[in-house]
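> dropping the sequence and predicted coords here.
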2 protein chains.
Amino acid sequence: MFEQEGWFTEVYPHHGSAFSLRVKEKLHEEQTPFQKIEIYDTEWFGKLMVIDGCTMVSERENFLYHEMMTHPVLYTHSSPETVWIIGGGDCGSLREVLRHREVKTAVQIEIDERVTRLAETYFPDLCESNRDPRAELLFIDGLRWVKESPPNSVDVIVVDSTDPVGPAEGLFNEAFYRDCLRCLRPGGILAQQSESPLFHLPLIESMHRVMRSAGFAHRQTLFFPQCIYPSGWWSGTIASASPLDRFREEDVRAKPFDTRYYNADIHRAALIAPEFFRKALQHS
Amino acid sequence: MFEQEGWFTEVYPHHGSAFSLRVKEKLHEEQTPFQKIEIYDTEWFGKLMVIDGCTMVSERENFLYHEMMTHPVLYTHSSPETVWIIGGGDCGSLREVLRHREVKTAVQIEIDERVTRLAETYFPDLCESNRDPRAELLFIDGLRWVKESPPNSVDVIVVDSTDPVGPAEGLFNEAFYRDCLRCLRPGGILAQQSESPLFHLPLIESMHRVMRSAGFAHRQTLFFPQCIYPSGWWSGTIASASPLDRFREEDVRAKPFDTRYYNADIHRAALIAPEFFRKALQHS
């Protein structure tokens, strides 16, 4: 056990390391039917949400993750009118998606309503678009949602999940990706958070293979820093049956909203793979 | 105090966080005239060197830092024949510099000989070029070295220092930068490790201002992941009196050595500033 008075620590047991945040106070703890959720007030990172012992979101740095999980995929799609967010219960991805005027409907499909209720209480900024008339919040199983939805229903699916263990495990397998592909309209794109390039390279390789096998012939992994996640370096992967060789760069340069990390040049830069990653995935 | 049996932890007191590595064994500890050096054998990161309580280098991930502190600046210079490394006692930057065939002389100026002697024992890979006939290892004060060197002596200066407190504090001030500029030949470039974009933005802003004031009219900050450093996200800054708008991209694409992180596209991508950084530095 790793116990340090006044700190919250997440241990990465397979990678011999741990990240700790200095805590002022534990604000909340509950066991839901799905997972254990804790909320802390930290010294430098603001409020922190922890699920099953893993840091999910802090006020200080969630902009990195939420911007990079949404704006690249939405600006790669030619006209994203309908968006689903699978998971994403903290509502931060929903907020970023709704900054796009082209989006007419954004449905957040979070299995655990308590994540969203606690985000509304402790992370009101992330939830500021929850009452947008284009937003719909469902508290059901995302796996079942994509399985039972009709074909050609959606332009973009953002899989904003926890790690591929526990409730989110099924969000990284071929059956799920096939269901996503069936639900996507022509030109549709899936975006999946895809873990750490340094810690989880075999998982990312496997994910690319499984996505390809499910029919996502075109895939791009984007790299970005994410201080409170394992290794501090994270990735998202976008995938489509259609080519992904362009994004709407002019639209990014003219975007009608502010961002803190993302811009057109960052989009282009985030697509560049380090040499070791390029070599590892050249046959995936 | 943060004490956890079986772990080495570095606490970042100003940023309410800490990073820990699981330790198999402490291999060495000594107090030199300059600093305390510890060597650990860790579970996943291989050997680890710690100086004054701060993680310096691990076998697992030092390639990120050493490649990004050397190849971008060397491929930006048109013809880097003479290179100084200020600090860099683990010899990893020296090794990367000597991969460049254009380099005729590389001088490592490390104040603390014990850093290098321990690197030779515990990080032999990093020291594999120490006997290269082009290499010269000096164990003297880098500040004094640049102060007393004649003008127009060197093409590239790499400041591979510890954080700007303690022995390395003087390596971030205007007098030092003026000395560097005087030592650089026309077209010469300085490269300085420049801390975390997330944790140390005010320091980076200040460094840009001080460099500009010292005569470095052109500066570029490069961003890269660095798991064991504060926030897991790091930067290096290159600076010159001459424009830095190009690097020898064709030469990078034809480079006669392997890298694990760096390549021509990564060079270009690393130069892209996140939106918050761009805004913070637009007047620096």
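The structure has been received and is ready for your questions.
> for A:P33, helix, strand, or coil?
coil (DSSP: H, G, I helix; E, B strand; the rest coil).
> next up, the contacts around it.
Counting by Cβ atoms under 8 Å, 6 or more residues apart in numbering or on different chains, A:P33 touches A:D112. In this view, the C-beta of every residue, glycine as well, is placed from N, C-alpha and C.
> ok, now with 10 Å
By Cβ atoms under 10 Å, 6 or more residues apart in numbering or on different chains, the contact list for A:P33 reads A:I111, A:D112, A:E113, A:R114.
> got a winner among these for most neighbours?
A:I111 (23 neighbours; other Cβ atoms under 10 Å in any protein chain shown).
> tell me the average confidence for the helix or strand where A:L203 lies?
Using DSSP states H and E, A:L203 sits in helix A:201-213. Taken as a whole, helix A:201-213 has a mean pLDDT of 93.
> residues making contact with that helix?
Identification of contacts with helix A:201-213 by Cβ under 10 Å, 6+ apart yields A:163-164, A:172-178, A:180-181, A:190, A:192, A:194-197, A:200, A:216-219, A:221, A:235, A:237-240, A:276-277, A:280-281, A:283-284.
> in helices, which of those appear?
A:E174, A:A175, A:F176, A:Y177, A:R178, A:C180, A:L181, A:F276, A:F277, A:A280, A:L281 (DSSP state H).
> run through chain A and note the low-pLDDT ranges.
Applying pLDDT under 70 to chain A flags residues A:163-170.
> what about the closest residue to chain B within it, how many residues close to it?
Nearest residue of chain A to chain B (Cβ to the nearest Cβ) works out as A:G232 at 1.7 Å. Burial measure for A:G232: 28 neighbouring residues, criterion other Cβ under 10 Å.
> nearest residue to it other than its sequence neighbours?
B:G232 (1.7 Å; Cβ to Cβ, 6 or more residues apart in numbering or on different chains).
> and the helices in chain A?
Going by DSSP H, chain A shows helices at A:62-76, A:92-98, A:113-122, A:142-148, A:174-183, A:201-213, A:249-253, A:264-270, A:275-281.
> among the ones in helices among the contacts of helix A:201-213, which ones lie close to chain B?
A:F276, A:F277 (Cβ under 10 Å from any Cβ of the partner chain).
> can you add neighbour count and give the ones in helices among the contacts of helix A:201-213 back as TSV?
Formatted as TSV, the ones in helices among the contacts of helix A:201-213 follow (neighbours: other Cβ atoms under 10 Å in any protein chain shown):
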residue	neighbour count
A:E174	14
A:A175	13
A:F176	22
A:Y177	25
A:R178	17
A:C180	28
A:L181	20
A:F276	17
A:F277	21
A:A280	17
A:L281	16
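> can you redo the ones in helices among the contacts of helix A:201-213 as TSV with distance to A:D125?
Supplementary listing: the ones in helices among the contacts of helix A:201-213 in TSV, determined by distance: Cβ to Cβ, whole Å:
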residue	distance to A:D125
A:E174	37
A:A175	36
A:F176	30
A:Y177	32
A:R178	36
A:C180	29
A:L181	34
A:F276	37
A:F277	33
A:A280	37
A:L281	36
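> closest to B:T9 out of the ones in helices among the contacts of helix A:201-213?
A:F276 (27.4 Å; Cβ to Cβ).
> which residue, other than its chain neighbours, is closest to the most centrally placed residue in chain A?
When Cα atoms, centre = their mean is applied to chain A, the residue found nearest the centroid is A:D160 (3.1 Å). The spatially closest residue to A:D160, leaving aside those adjacent along the chain, is A:G88, at 3.5 Å (Cβ to Cβ, 6+ apart).
> any idea how many residues pack against that neighbour?
Neighbours of A:G88 using other Cβ under 10 Å come to 29.
> now swap in A:P151 and tell me
Residues lying near A:P151 (other Cβ under 10 Å) number 10.
> and it, what does it touch?
Contacts of A:P151 by Cβ under 10 Å, 6+ apart are A:D179, A:L181, A:R182, A:C183, A:L184, A:R185.
> for it, what are phi and psi?
phi -60, psi 160 (degrees, to the nearest 10).
> do A:R260 as well
With angles defined as degrees, to the nearest 10, A:R260 sits at phi -110, psi -30.
> what separates stretch A:255-269 from the chain centre, distance-wise?
Centroid separation for stretch A:255-269 versus its chain: 17 Å, with Cα atoms, centre = their mean, to the nearest Å.
> what about that stretch, how long is it end to end?
18 Å (Cα to Cα, to the nearest Å).
> any buried residues in that stretch, and which?
Across stretch A:255-269, burial judged by 16 or more other Cβ atoms under 10 Å in any protein chain shown covers A:K255, A:T259, A:Y261, A:Y262, A:N263, A:A264, A:D265, A:I266, A:H267, A:R268, A:A269.
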